[in-house]
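S.K.: 3D, please:
(chains A and B)
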Amino acid sequence: MSKFGKLLLACFLVSCAVTSAYAGGPFGVDKRRVIIEGSTTVLPIAQAAAETFMRQNQETDVTVRGGGSGVGIASLIDKNCDIADSSRSIKEAEIEKAVGNGVSPKAHVVAMDGICLIVNSSNPISALSRKQASDIFTGKISYWSDLGGKTERIVAISRDTSSGTFEAFGILVLEGQKVRPDALMQASNQAVASTVSRTPGAIGYVGLGYLTPEVKALDIDGIKPSKETVLSGQYPVGRPLFMYTNGVPDGVVRDFIDFIKSDEGQKIANEQGFVALK
Amino acid sequence: MRRFLGVFLISMFSLMCFNFNKAYAGEIDLLLQKLVEKGVLTPGEAQQVKTETKEEIRKEIVSAKYELLPEWVQRLKFKGDFRMRYQYTRQRAKDDTNQARIRVRLGAEAKVNDQMKVGLGLATGSTSDPRSTNVTLGNDPTTPGASKTVILDYAYGSYSPTTWLTLTGGKFKNPIWQPTDLLWDTDLNPEGLNMQMDYRLNPSLGLFLNTEMFVLGYDDAKGLNSLMWAFQPGIKYNWRDKVDLRAAVTGYYFSNITGVGKFAKQSTNSLTRNNQYKYHYNVVNPSLEVGIRDPFSSIPVLAKYIPYAGMFSDFVYNPDPDTGKSGFDAGIKFGHEKVGDWGQWQSRILFSKLGRDAFLDIFPDSDRYNGKTNMKSVEAILEYGLGKNTSLCLDYYWAKSLSQQTSGSASGSYLPQQVVQVDWNLKW
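M.R.: Below is the predicted model of the structure:
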């Protein structure tokens, strides 16, 4: 073997040793480590809960990463994470893949997501159907007069494309259709509420936790947006948020799930703008 | 205690529902409603129990369905694709060509046990050209409608003793990561052994290591095996789901290349007077790819149409020859991260240069200047999603020699070549 070949072999052996040592894989696993991955919608709850949980349990290390619900579930199936965050129910194909890989995805509901349509307080409209809301945000309806309101142009305010609220609104209201190109995209729920409060013809959408007295929340399909209607499943623009584990969790993973379902964990979910279960 | 009793009752009831009749799901809702009315459960807890119970029932039903499938079906996975291509080629001193070509690939992977798999792939193509699985329609003017050849594209066995280590033997899809096809045509499947280590230190940072032995050929006369060894350590890094970075340095070592007869598809590498390779190809190849999601989030109009942008680069250096010892490929891509559905699109623009002896000329992308070294090129690609798993792709190449040709009818020219490919891709 030439010098170059020997050098390659040496590099390979050193890399194996370094990778294994840093990875901790074959030489011992850290029992107090939790890896959470998945939905960007659930991400703020998981991050805030992880911070508090680690403060209370100094020996634990909770790592949280987004990537999307599909990424998180795929990671759980591949046994690369302990908890998969998901803003949707696991798909049948994913369950089949999980079962084939020896993983039993167990759902834990950690909060509810309710999205409210808001208009400027001067707007006489107080209710819309989901179809009307969809027509407004896809550009089929552009004047409030078409809905029995003032002869005023509709100013659609949307969340930016990277937000979980945008994703949820796209699924629950737009049913996969694209938001009208002239919609003003805002980077936060607060920015949407603030813009709507300042713009007479504006309509926007925010998480239930971001409703302010400066804007008017609209009923959808005759149902008022409230914690009660979201929790009862009556409100049509609501959905459960999940954390999936491989089977019934134990050890530090169980401790974390218990924490997030506790009063303290649910308070964190509420602070992040979601509907707490307690 | 009352709350615990309520949850216990629901759990037992839902278990009965699953065992006897799934239609009882509505009964759970009624029972939960009663428990909420009596103050045993809060509405939130009722919603939680209802949703988790429904999820559990759904999982049990799907698992039961899956487990009812014959075991051999559970162990098998199939995949495949079909591509219809129109190709126009224009090269100085040659006639323009117009070709209609197709490619079909069918792959299967069977799980032997929890740690071992066997893979098998069939494709159109010919055994004489490992860098292409295309077949040209009407290529035999004497036999219109002639049937096409299907070849064994790959066949391998793999062993994964842990989730981060896989050993593969046989003929397999090249696991060496390459952000461009400067050095490797994606159709070329190495034959030999590979070891892949892929370990995530944490959700943001991962390390990988590929080690490969590729059996290139055996010289009967001299009793020598020509081998390629590759060693590729690399990192994968994700920053807040906004930025993905992957970087690696690959070292290639070829044994018994010089002094042994050239390979059949040799075209541009330097040869000795005895038609043997003049130089060693023990090269170093650093690679880098960076992808950014929502790069224009502050500009709403751009953010809507360009949700992803990235850049990628390959560099290769061979210390042995005096000239033509290096090469690079650098490019950008923008549009959607992947093209998998209607309206999604992605465009890529690449600039490449590959010295005559920077790498073995039997491996690079065969569409770019017929897979030769000693060339520079520009490539522009536009892919548009026509629906789920189907897309239309327009690919344009412009390439020419780095030094004047010294043989053939076009002696003394740089022989520029332009290729336009229009592909209709269907995957399943």
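
S.K.: can you list the domains in chain B?
M.R.: Domain ranges of chain B: B:2-68, B:79-427, per automatic domain parsing.

S.K.: Enumerate every residue touching A:Pro249.
M.R.: Going by C-beta atoms under 8 Å, 6 or more residues apart in numbering or on different chains, A:Pro249 touches A:82, A:106, A:257. Using the backbone N, CA and C atoms, a C-beta is placed for each residue, glycine as well.

S.K.: let's see it at 10 Å
M.R.: Residues near A:Pro249 by C-beta atoms under 10 Å, 6 or more residues apart in numbering or on different chains: A:34, A:82-83, A:106, A:108, A:243, A:255-258.

S.K.: Going by neighbour count, which of those residues are buried?
M.R.: A:34, A:82-83, A:106, A:108, A:243, A:255-257 (16 or more other C-beta atoms under 10 Å in any protein chain shown).

S.K.: can you tell me if stretch B:51-58 touches chain A.
M.R.: Yes. Residues of stretch B:51-58 contacting chain A under C-beta under 10 Å from any C-beta of the partner chain: B:51-56, B:58.

S.K.: which stretches of the stretch 101-250 of chain A form strands?
M.R.: With DSSP state E, counting those that start in this stretch as the criterion, the stretch 101-250 of chain A has strands at A:105-120, A:127-128, A:155-159, A:184-186, A:202-207, A:215-217, A:219-220, A:238-246.

S.K.: sorry, back to before: mind checking which of the contacts of A:Pro249 land in strands?
M.R.: Using DSSP state E, the members of these that fall in strands are A:34, A:83, A:106, A:108, A:243.

S.K.: Among those, which pair sits farthest apart?
M.R.: For those, the maximum inter-member distance is 15.1 Å, found between A:Val34 and A:Lys106 (C-beta to C-beta).

S.K.: what lines up beside the helix or strand containing B:Phe231 in the sheet?
M.R.: Using DSSP states H and E, B:Phe231 sits in strand B:224-239. Pairing partners of strand B:224-239, with direction, according to DSSP bridges: strand B:205-219 (antiparallel), strand B:243-255 (antiparallel).

S.K.: Alpha carbons of it, in CSV - could you do that?
M.R.: The C-alpha trace of strand B:224-239 is given here as CSV (Å, rounded to 0.1, in the frame of the first residue of the first chain):
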residue,chain,number,x,y,z
LEU,B,224,-3.9,-7.0,-11.4
ASN,B,225,-7.0,-5.6,-9.9
SER,B,226,-7.6,-1.9,-10.5
LEU,B,227,-9.4,-0.5,-7.5
MET,B,228,-10.7,2.9,-6.4
TRP,B,229,-10.7,3.8,-2.8
ALA,B,230,-12.7,6.8,-1.6
PHE,B,231,-12.8,8.3,1.8
GLN,B,232,-15.3,11.1,2.5
PRO,B,233,-15.7,12.8,5.9
GLY,B,234,-18.3,15.5,6.1
ILE,B,235,-20.7,17.6,8.2
LYS,B,236,-24.3,18.5,8.0
TYR,B,237,-25.5,21.6,9.8
ASN,B,238,-29.0,23.2,10.1
TRP,B,239,-29.4,26.7,11.5
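
S.K.: Show me what B:Lys117 bridges to in the sheet.
M.R.: Assessed by DSSP bridges, B:Lys117 has beta-bridge partners B:Lys111, B:Ser158.

S.K.: wait, it sits on B:Lys77?
M.R.: Yes. Applying C-beta atoms under 10 Å as the test, B:Lys117 and B:Lys77 come out as touching, 9.3 Å apart.

S.K.: Show me what residue of the stretch 151-300 of chain B gets nearest to chain A.
M.R.: B:Pro203 (3.5 Å; C-beta to the nearest C-beta).

S.K.: Against chain B, which of the ones in strands among the contacts of A:Pro249 make the cut? List them.
M.R.: Applying C-beta under 10 Å from any C-beta to the ones in strands among the contacts of A:Pro249, those adjacent to chain B are A:106, A:108.

S.K.: What are the structural domain limits within chain A?
M.R.: A:32-112+A:240-271, A:113-231.

S.K.: Let me have the contacts of A:Pro249 in a markdown table, extended by pLDDT.
M.R.: What follows is those, written out as a markdown table (pLDDT from 0 to 100):
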| residue | pLDDT |
| --- | --- |
| A:Val34 | 93 |
| A:Asp82 | 94 |
| A:Ile83 | 96 |
| A:Lys106 | 95 |
| A:His108 | 96 |
| A:Met243 | 97 |
| A:Asp255 | 95 |
| A:Phe256 | 96 |
| A:Ile257 | 96 |
| A:Asp258 | 95 |
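
S.K.: From A:Ala50, how far out is the residue lying closest to A:Leu128 once chain neighbours are set aside?
M.R.: Excluding the flanking residues, the one nearest A:Leu128 by C-beta to C-beta, 6 or more residues apart in numbering or on different chains is A:Leu218, at 5.4 Å. A:Leu218 sits at a distance of 35 Å from A:Ala50 (criterion: C-beta to C-beta, to the nearest Å).

S.K.: What parts of the stretch 101-250 of chain B come near chain A?
M.R.: Checking the stretch 101-250 of chain B against chain A by C-beta under 10 Å from any C-beta, the hits are B:111, B:114, B:161-165, B:195, B:197-209, B:211, B:227, B:229-233, B:238, B:240-242, B:249.

S.K.: how many neighbours does the residue nearest to A:Leu128 have?
M.R.: Burial measure for A:Leu218: 20 neighbouring residues, criterion other C-beta atoms under 10 Å in any protein chain shown.

S.K.: need the contact list for it.
M.R.: By C-beta under 10 Å, 6+ apart, the contact set of A:Leu218 is A:116-119, A:123, A:125-128, A:132-133, A:203, A:205, A:224-225.

S.K.: repeat that for 8 Å
M.R.: Applying C-beta under 8 Å, 6+ apart to A:Leu218 gives the contacts A:116-119, A:125-128, A:225.

S.K.: Pull up the per-residue confidence for the closest residue to B:Ala230 other than its chain neighbours.
M.R.: In space, B:Ala230 comes closest to B:Glu212 once its chain neighbours are excluded; the distance is 4.3 Å by C-beta to C-beta, 6+ apart. Here the pLDDT value assigned to B:Glu212 is 97.

S.K.: Over to A:Gln177?
M.R.: A:Gln177 is given a pLDDT of 86.

S.K.: so how many other residues sit close to the closest residue to chain B within the stretch 151-278 of chain A?
M.R.: With C-beta to the nearest C-beta as the measure, A:Leu277 is the residue of the stretch 151-278 of chain A nearest to chain B, at 3.3 Å. A:Leu277 has 26 neighbours, counted by other C-beta under 10 Å.

S.K.: Next: B:Val290.
M.R.: Count around B:Val290 with other C-beta under 10 Å applied: 16.

S.K.: Is the residue most central in space within chain A in a helix, a strand, or coil?
M.R.: Chain A has A:Thr41 as the residue nearest its centroid, 1.3 Å off, counting by C-alpha atoms, centre = their mean. Of the three states, A:Thr41 takes coil under DSSP: H, G, I helix; E, B strand; the rest coil.
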